[in-house]
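K.L.:
I'll drop the sequence and a predicted model, then ask my questions.
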Amino acid sequence: MTDTTAELGRQLIDTFGRGWSRLRVDLIASAFAPEAVFLETPFSEPLRGVEAIRKYWSDVPYHQSEVTFTSGEIFVVGPWFSTEFKCVFRRRRTGEWVDARGALFCETGDGLITEMRMYWHRWSGGRDTSKP
């Protein structure tokens, strides 16, 4: 089961990341089950259902550009997988670069994400993101 969950996790995170990088909310939403739960931070109210998740991500194309999303190795325990991520983008309004890094913890069911928890932090302004 671990190998299968790892492969599924890689596929789902790659789909999610492609959606974020391409500013395609439909692609992001396609990784989630209809009744999925999404927590942006440990202190956020959970968003329930793919339509609530779609609504959350719908602002991204209006506020972000030149997005690059990368993720690390997939770690698996039962139906859960986790990975680190890095997302660099430019704010459309100010032109400021943002470097967001964190971890994603996801539960799966029927080939989709049923719960995603994000733990992340962002660095804004003045940082040279071309260097590691």
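P.N.:
All right, it came through fine.
K.L.:
tell me the secondary structure for Glu51?
P.N.:
helix (DSSP: H, G, I helix; E, B strand; the rest coil).
K.L.:
quick one: it and Glu115, what's the gap?
P.N.:
16 Å (Cβ to Cβ, to the nearest Å). C-beta here means a position set from N, CA and C on the backbone, and glycine is covered the same way.
K.L.:
Between those two, which is the more surrounded one?
P.N.:
Applying other Cβ atoms under 10 Å to Glu51 and Glu115 shows that Glu115 carries more neighbours, namely 20 against 12.
K.L.:
Give me the contact list for the helix or strand that one falls within.
P.N.:
Using DSSP states H and E, the element containing Glu115 is strand 112-124. Contact with strand 112-124 is made by 12, 16, 31-33, 35-42, 85, 91, 96-108, as judged by Cβ atoms under 8 Å, 6 or more residues apart in numbering.
K.L.:
Quick one: buried ones out of the residues you listed?
P.N.:
Buried members of the contacts of strand 112-124, counted by 16 or more other Cβ atoms under 10 Å: 12, 16, 31-33, 36-39, 85, 97-100, 104-108.
K.L.:
need the contact list for the closest residue to Ile53 other than its chain neighbours.
P.N.:
Leaving aside its sequence neighbours, Ile53 sits nearest to Phe38 (Cβ to Cβ, 6 or more residues apart in numbering; 4.7 Å). Residues near Phe38 by Cβ under 8 Å, 6+ apart: 32, 46-47, 52-53, 56, 115-116, 118.
K.L.:
does Phe38 belong to a helix or a strand, and which?
P.N.:
Here Phe38 is assigned to strand 32-39, by DSSP H and E.
K.L.:
related to what we said a few turns ago, how far off strand 32-39 does the strand holding Glu115 point, in degrees?
P.N.:
Angle, strand 112-124 to strand 32-39, by axes from the mean of the first three to the mean of the last three Cα atoms, to 10 degrees: 40 degrees.
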